[in-house]
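Asker: Following is a predicted model, sequence given first.
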Amino acid sequence: MYLSVQFPAALAAQRSFCDGPEQPLGASRDLYCIELVRAVGIRSASGRVELGRAPGPFTVDVTADGHLRYTAAVTLSGLARPSSLGRFTSYVAWVASPTMGVVRRLGVVDNGRTVLPAIALDKFVILISAEQSGAAQEMSGRLVLRGMSPSTRLQPPDFMQFALGAVPPDSGEHAHHAQAGGDSLRWTMVPMPPGLSMLPAEMTLRPNVEPYLPHASTGATVPIVQPRQLVRLSSGDTLRLTAGIVRRPFKGDTLTMFAFNGQQPGPLLQVAQGAEVIVELTNSLDQPTTVHWHGIRLENAFDGVPDLTQRPVAPGERFTYRLRFPDAGIYWYHPHVREDIQQDLGLYGNLMVRSPRPDYFSPAYREEVLMLDDLLVGDDGLVPFGKEETTHALMGRFGNVMLVNGEPRYSLSVANGEVVRFFLTNVSNTRTFNLSFPGARMKVVGSDVGNYEREEWVESVVISPAERYIVHVRFDRTGDVALVNRIRGLDHLFGRFFQEADTLGVVRVNGRAPTPNLATSFNRLRTDTAVRADIARYRKHMTRPADKALVLTMEARDLPFFTRQIMQLDSIFFTPVEWSGTMPGMNWAATGDQVRWILRDPATGKENMDIDWSFRRGDVVKVRLLNERRSFHGMQHPIHFHGQRFLVLAVNDVANTNLVWKDTVLLPAGASADILLDLSNPGRWMVHCHIAEHLSAHMMMAFTVQ
Ligand code: C2O
Ligand code: CU
């Protein structure tokens, strides 16, 4: 159990979305509010708990070990004087495990709103009791109100087993594995994540599309993949970039994959802010492609979106991109055709845009540029992709091998006391990581499009597909420090959460402290006055009501009866973030023609590419995003706007106090977010979910800036 005792006092004043009449585009009360129930014999009290969040650098508040952290605010009314119930003086709030095995004090409460310390438990019960003393450390008085967290609605295992005949985990009855080799590619079964259960009926599901894996044409010599190289480009330079096929040795096997210039990740391009360069793309793949320069406010014609800004580049053809870089920071490039296949097979690279300001970052000894990915590999190599349509259209294709810069085991050696600047980019199809270096302190300094207003200490970095975070980490003890992804998975069939921890790499810390010692500058949280001044120009737009809204939802057609049945049971609760690939069979077999993910404009009812927003250059527009809980399958979506930048002003009505320019925002299930879009760049641009399979399943729209 984790209970922190700090909370921002400013939250106490605020009104909760849990109270009053339900707002049409408010966050889900069903997932983020608890209605308190009166205990036997209590006549008049009532109340509600808002499972809120503390303002923070990420849209999801989570501990380093992966527990979601709620800043609970309780609103009570009708409480009689404590003395009217017996020899009591105060009301006290408690949090307990569902079986009441552990009970922790939250604090004194009364009629009105009280913000309580953060709660970080999978499932819990909130209790309000009348106590003899407000200082009571144990619940010994009279119970007045109680309520259960939404997650407690998940079905207990014996019920599900009874109802559906599930095979419990580790019964050894699902030893099937993917098999995809030779010329006759066929579907078999997806690899099972360890410890998860699968129903017999689930094991018979297959995607209704042809399997696809790349293979080299006969006689062709396919190069072995090479590590990434740094390429420095100056204004006027031309880079030749070839998307092609490579062989990749993998655990005694050889995988056929894709790469830019034979490298995974693709070349790391470094340019000065304000530079202009040319990239000549050659397509040597077996399918059409394009390159999108993610996050860069470049000229629309070179944004790389097929049929919107350019024709797809056919195999053997070329396309010339002219790029300009108005903003410093870390960006990336990837194809914009069947990302679920092309990006997953290795077509991704970083772009580093250097600021002319010598003090743009506070000091660090070295920089590491990490691209985080996961790959889905079975006993016989890569699990095939869907040829005509994407597979994994429900939750996206989670991999089972974690990769840093294309390799399963990242390592780095540093001297004791070093400060390292890490540039992190999540290039996975769907996985959101919760990364930390246990034992080393970390602060976040930047994100998608530049620096935060001020540096901030973090326990971990929550990074969804396409997002970037820049962190400084100080290693001040000799020995090994692991880079880990620690999350709570949800076994939907058995209604239980489980711990998942993956080691992505290791940092070896050796003796000999470097000079100068950066401890002082590291310990200080610097404010970036230039960023703050830039953002200040937008303050006047921040407080008005939203100008536009988008609802994120989905529709399913023709899913197998079994899948529909399970998903209906499952919809009793949606976890804010699906961190892990649970429901593997159902998810795998669901294809892009059975599932339609939707962006809906509630003002017009229009959906996806029928939405046609039009703005003028210089407009500043506030958009409310709502991830609809009542959707058939609710989960998080990283929403990306092309060609512009935005600020994430608030999540679930909690205002952020430390802003940064972004191009991608992660919306947890049932959550709302307000963003302020700076429409600075003319053209016709895309908005879409950056889960590759959701994009393939239609979750996109376009808007025009004149
Ligand atoms: Cu990286 Cu359209 O996105
Ligand atoms: Cu999505």
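Answerer: Received it, and whenever you're ready, just let me know what you need. Ligands and ions are numbered 1, 2, ... in the order given.

Asker: Distance check, residue 491 against residue 632.
Answerer: When distance is defined by C-beta to C-beta, to the nearest Å, residue 491 is 20 Å away from residue 632. C-beta here means a position set from N, CA and C on the backbone, and glycine is covered the same way.

Asker: Just checking: what are the partner strands of the longest strand seen in the chain?
Answerer: Taking DSSP state E as the assignment, the strand of the chain that covers the most residues is strand 496-510. Here strand 496-510 is paired, per DSSP bridges, with strand 410-415 (parallel), strand 479-491 (antiparallel).

Asker: mind listing what's buried in the very next helix or strand once past it?
Answerer: Proceeding N to C from strand 496-510, the next assigned helix or strand is helix 519-523, under DSSP states H and E. Within helix 519-523, the residues that count as buried by 16 or more other C-beta atoms under 10 Å are residue 522.

Asker: and after helix 519-523, which helix or strand comes next?
Answerer: Using DSSP H and E, the next helix or strand after helix 519-523 towards the C-terminus is helix 529-536.

Asker: any idea how far that following helix is from the chain center?
Answerer: Relative to the centre of its chain, helix 529-536 is centred 26 Å away, using C-alpha atoms, centre = their mean, to the nearest Å.

Asker: Give the buried residues for it.
Answerer: Here helix 529-536 shows 531, 535 as buried, counting by 16+ other C-beta under 10 Å.

Asker: Just the mean pLDDT for the helix or strand following it, thanks.
Answerer: Counting by DSSP H and E, the next helix or strand C-terminal to helix 529-536 is strand 548-556. In this model, strand 548-556 carries a mean pLDDT of 95.

Asker: who does strand 548-556 touch, helix- and strand-wise?
Answerer: Under the contact criterion of 3 or more C-beta pairs under 8 Å, 6 or more residues apart in numbering; DSSP states H and E, strand 548-556 touches strand 595-600, strand 620-627, strand 637-641.

Asker: Not counting the second one itself, show me its contacts.
Answerer: Which is strand 620-627. 25-27, 538, 541-542, 544-552, 615, 634, 636-637, 639, 646, 649, 665, 667-679 (C-beta atoms under 8 Å, 6 or more residues apart in numbering).

Asker: Could you do the last one as well?
Answerer: Strand 637-641 is contacted from outside by 294, 432, 464-467, 550, 552, 597, 625, 627, 663-667, 677, 685-691, 694, 699, using C-beta under 8 Å, 6+ apart.

Asker: more neighbours, residue 491 and residue 632?
Answerer: Neighbour comparison, residue 491 and residue 632: the larger count goes to residue 491, with 21 against 18 (by other C-beta atoms under 10 Å).

Asker: how near is that one to residue 120?
Answerer: Counting by C-beta to C-beta, the gap from residue 491 to residue 120 is 19 Å.

Asker: so residue 264 touches residue 406, yeah?
Answerer: Yes - between residue 264 and residue 406 there is a contact under C-beta atoms under 8 Å: 3.8 Å.

Asker: between the two, what contacts are shared?
Answerer: When contacts are counted by C-beta under 8 Å, 6+ apart, the set common to residue 264 and residue 406 consists of 225, 227, 228, 346.

Asker: Which two of those residues have the greatest separation?
Answerer: Farthest apart among the shared contacts of residue 264 and residue 406 by C-beta to C-beta are 227 and 346. That separation is 12.1 Å.

Asker: which residues are in contact with both of these two?
Answerer: Counting by C-beta under 8 Å, 6+ apart, the residues touching both residue 227 and residue 346 are 264, 406.

Asker: which one of these two has more residues nearby?
Answerer: More crowded of residue 227 and residue 346, by other C-beta under 10 Å: residue 346, with 26 against 11.

Asker: Would you mind measuring from the more buried one to ligand 1?
Answerer: Distance of residue 346 to ligand 1, computed by C-beta to the nearest ligand atom, to the nearest Å: 15 Å.

Asker: For that residue, give me its contacts.
Answerer: 225, 246, 248, 257, 258, 259, 264, 265, 406 are the contacts of residue 346 under C-beta under 8 Å, 6+ apart.

Asker: One more pass at 7 Å, please.
Answerer: Residues near residue 346 by C-beta atoms under 7 Å, 6 or more residues apart in numbering: 257, 258, 259, 264, 406.

Asker: what about the first one, neighbour count?
Answerer: So the one you mean is residue 257. For residue 257, the neighbour count with other C-beta under 10 Å is 22.

Asker: doesn't residue 345 make contact with it?
Answerer: Yes - using C-beta atoms under 7 Å, residue 257 is in contact with residue 345, at 4.7 Å.

Asker: what sits against the closest residue to residue 237 other than its chain neighbours?
Answerer: The shortest distance from residue 237 to any residue other than its chain neighbours is 5.1 Å, reached at residue 277 (C-beta to C-beta, 6 or more residues apart in numbering). Neighbouring residues of residue 277 by C-beta under 7 Å, 6+ apart: 233, 235, 237, 239, 271, 323.

Asker: Show the pLDDT at residue 277.
Answerer: For residue 277, pLDDT reads 98.

Asker: Now do the SS call for it.
Answerer: strand (DSSP: H, G, I helix; E, B strand; the rest coil).

Asker: ok, now how distant is it from residue 244?
Answerer: Distance from residue 277 to residue 244, by C-beta to C-beta: 21 Å.

Asker: again with residue 677
Answerer: For residue 677, the distance to residue 244 (C-beta to C-beta) stands at 37 Å.

Asker: the more surrounded of these two?
Answerer: Neighbour totals were compared for residue 677 and residue 244, and residue 677 leads with 23 against 17 (other C-beta under 10 Å).
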